[in-house]
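**Q** coords please:
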Amino acid sequence: MNLPPQAGKFCGERKMKIRRSKRYKASAKELPETALSLAEAVKKVKSFSPTKFDQSVECAVWLGVDPKQSDQIVRGAISLPNGIGKSKKVVAFCEDSDIEAAKAAGAIEAGSDDLIKKVMGGWLDFDVAIASPKVMGKAGKLGKVLGPQGKMPSPKNGTVTADVITAIREFAAGKVEFKADAGGNVHSVVGKYSFDEDKLIGNIRAFMEMLKKMKPASAKGTYIKKVTLSATMSPGVMVDLAEF
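**A** Model (predicted):
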């Protein structure tokens, strides 16, 4: 996650020694001293020197929550209105009767016992795993394999669902998962550097609206503390909180 020099307590005040490229350092010199409107922040990120590849644009949000408290965990998934410019490899742990429909919806692999055995054997060439509640009991044994990879199906982010087919379509199209880390930071891809500014703005607003709706009832004080935007190879640009 790329943060501006002004980020202060963002990321729990951790000091990170990271070697930066000449391009990054040059862009950092162009950072404004104050937070920008969302439109200005998007424009600034897109003004930094482009790279040879189409960078992802990320929104990082510091929330006023304590993830150590079970009732303050912020975790979910969202299908952004303009997509993220990337498809995902999805597998589905489902009943045999749903295998054909699951593959037609975009799953690269689908099934129950055979698929579970394949993953247990070390096959992890996928981005997202979807599971039906009926098969989740069997797939639960994959926790030690998929948990560290962040690929274990969970009802909280919509990857354990009775509507497996719809979930496959959404995640294959680029549905984004997010979860607050130990410092209360949530970050999500919101598009590509090549996206029009309006598309990026629309995606960011949709992401922020969802975060606002997910505010834990037990969270006290300021909920949204800082918001920054960055591209894969750029520094972060702070966004004025009045936007949200």
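
**Q** And the residue nearest in space to the middle of the chain, what's its pLDDT?
**A** With distances taken as Cα atoms, centre = their mean, Ser188 lies nearest the centre of the chain, 3.4 Å away. What the model reports as pLDDT for Ser188 is 94.

**Q** now it, nearest residue through space, not along the chain?
**A** Nearest residue to Ser188, sequence neighbours excluded (Cβ to Cβ, 6 or more residues apart in numbering): Phe178, at 4.6 Å. C-beta coordinates here come from the backbone N, C-alpha and C atoms, glycine included.

**Q** what does the helix or strand containing the one you found contact?
**A** Per DSSP states H and E: Phe178 is located in strand 176-179. For strand 176-179, contacts defined as Cβ atoms under 8 Å, 6 or more residues apart in numbering pick out 73-80, 84, 128, 150, 157, 159, 186-190, 207.

**Q** what's next to the next helix or strand after it, contact-wise?
**A** Counting by DSSP H and E, the next helix or strand C-terminal to strand 176-179 is strand 185-192. With Cβ under 8 Å, 6+ apart as the test, strand 185-192 has contacts from 1, 10-12, 54-63, 74, 78, 80, 82-86, 176, 178-180, 199-200, 203-204, 207, 211, 229.

**Q** Pull the strand holding Phe178 out as PDB, backbone CA atoms only.
**A** Coordinates of the C-alpha atoms in strand 176-179 are reproduced here as PDB (Å, rounded to 0.1, in the frame of the first residue of the first chain):
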ATOM      1  CA  VAL A 176     -13.500  -7.300  -4.700                       C
ATOM      2  CA  GLU A 177     -13.000  -8.700  -1.300                       C
ATOM      3  CA  PHE A 178     -11.700  -6.500   1.600                       C
ATOM      4  CA  LYS A 179     -10.900  -6.900   5.300                       C
END
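
**Q** where along the chain do the helices fall?
**A** 22-28, 38-47, 99-105, 113-120, 133-139, 143-146, 164-172, 197-213 (DSSP state H).

**Q** Mind giving me the packing neighbours of the fourth one?
**A** Put plainly, it is helix 113-120. Other elements packing on helix 113-120 under the criterion 3 or more Cβ pairs under 8 Å, 6 or more residues apart in numbering; DSSP states H and E are strand 90-93, helix 133-139, helix 143-146.

**Q** How much space separates Pro81 from Ile99?
**A** 31 Å (Cβ to Cβ, to the nearest Å).

**Q** For these two, work out which one has more neighbours and name it.
**A** Using other Cβ atoms under 10 Å as the criterion, Pro81 and Ile99 rank with Ile99 on top: 18 against 11.

**Q** which residue packs closest to that one, ignoring adjacent ones?
**A** Ala110 (4.6 Å).

**Q** My guess is that neighbour contacts Asp96. True?
**A** No: contact criterion Cβ atoms under 8 Å: Ala110 and Asp96 do not qualify, at 9.2 Å.

**Q** the more surrounded of the two?
**A** The neighbour comparison of Ala110 against Asp96 (other Cβ under 10 Å) goes to Ala110, with 25 against 12.

**Q** Report the beta-bridge partner residues of the more buried one.
**A** Ala92 (DSSP bridges).

**Q** residues in contact with it?
**A** Taking Cβ under 8 Å, 6+ apart as the criterion, Ala110 is in contact with Val91, Ala92, Phe93, Cys94, Asp98, Ile99, Ala102, Lys103.

**Q** likewise Ile116?
**A** Ile116 touches Phe93, Lys138, Ala139, Lys141, Leu142, counting by Cβ under 8 Å, 6+ apart.

**Q** let's go with 6 Å and repeat that
**A** Lys138, Ala139 (Cβ atoms under 6 Å, 6 or more residues apart in numbering).
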